[in-house]
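A.B. asks: Sequence and predicted structure below; questions after.
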Amino acid sequence: MYRTLVIYASRYGPTEGAAKIIFLVLGPSRLTRSEGFAEGYRDVGFVVLGTHVYQGSVALEMEAFVQDNKEWLKARMAVLLLYLSGPEGRPQILGKARRIYWVERSPA
């Protein structure tokens with residue numbers, strides 16, 4: 001069984017590069033783009049969600065993935081990796097990302 005799944009959305013490559021490094025470091029893990037997610041990837045305990053921020057917005061494909069899989073994500077430990085190309089608007093972007101990606105975990 002794979003322990004970790006790294007799911008990413010990348011437009012120009014840096015987020016993909018970061019996701020691949022995390023994938024290699026975390027041990028038994030799988031790597032997929034958000035649109036390549038398949039049912040066979042669900043049997044993991046830890047999820048890394050990696051997405052770029054472009055013109056102040058997080059990747060729409062990752063936002064859709066989270067909304068479509070919220071119940072599944074609730075039962076897993078998860079971390080969000082945001083790739084920001086510059087310092088402009090960081091507090092606003094982080095606040096927006098928290099509203100989109102915050103998933104209240106189910107009690108253990």
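C.D. replies: Thanks, I have it.

A.B. asks: dump the residue contacts of the nearest residue to residue 69 once chain neighbours are set aside.
C.D. replies: Distances taken as Cβ to Cβ, 6 or more residues apart in numbering place residue 37 nearest to residue 69, at 7.6 Å, with adjacent residues excluded. For every residue, glycine as well, the C-beta is placed using N, CA and C. Contacts of residue 37 were listed using Cβ atoms under 8 Å, 6 or more residues apart in numbering, and they are 7, 65, 69.

A.B. asks: Sheet-wise, list the partners of the helix or strand encompassing residue 48 with their directions.
C.D. replies: Under the criterion of DSSP states H and E, residue 48 resides in strand 46-54. Looking at strand 46-54 with DSSP bridges, its partner strands are strand 4-9 (parallel), strand 57-58 (antiparallel), strand 77-83 (parallel).

A.B. asks: For the first one, the averaged confidence score.
C.D. replies: Read that as strand 4-9. For strand 4-9, the mean pLDDT works out to 96.

A.B. asks: quick one: buried residues of the helix or strand following that strand?
C.D. replies: Using DSSP H and E, the helix or strand that follows strand 4-9 in sequence is helix 14-25. Buried residues in helix 14-25, counted by 16 or more other Cβ atoms under 10 Å: 15-16, 18-19, 22-23.

A.B. asks: Dump the helix or strand immediately after helix 14-25 in the chain to CSV, keeping only the CA atoms.
C.D. replies: Per DSSP H and E, the first helix or strand lying C-terminal to helix 14-25 is strand 29-33. Presented in CSV, the C-alpha positions along strand 29-33 are these (Å, rounded to 0.1, in the frame of the first residue of the first chain):
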residue,chain,number,x,y,z
SER,A,29,3.9,7.4,-2.5
ARG,A,30,2.1,8.1,-5.7
LEU,A,31,2.1,11.2,-7.9
THR,A,32,-0.7,12.5,-10.1
ARG,A,33,-2.1,15.6,-11.6
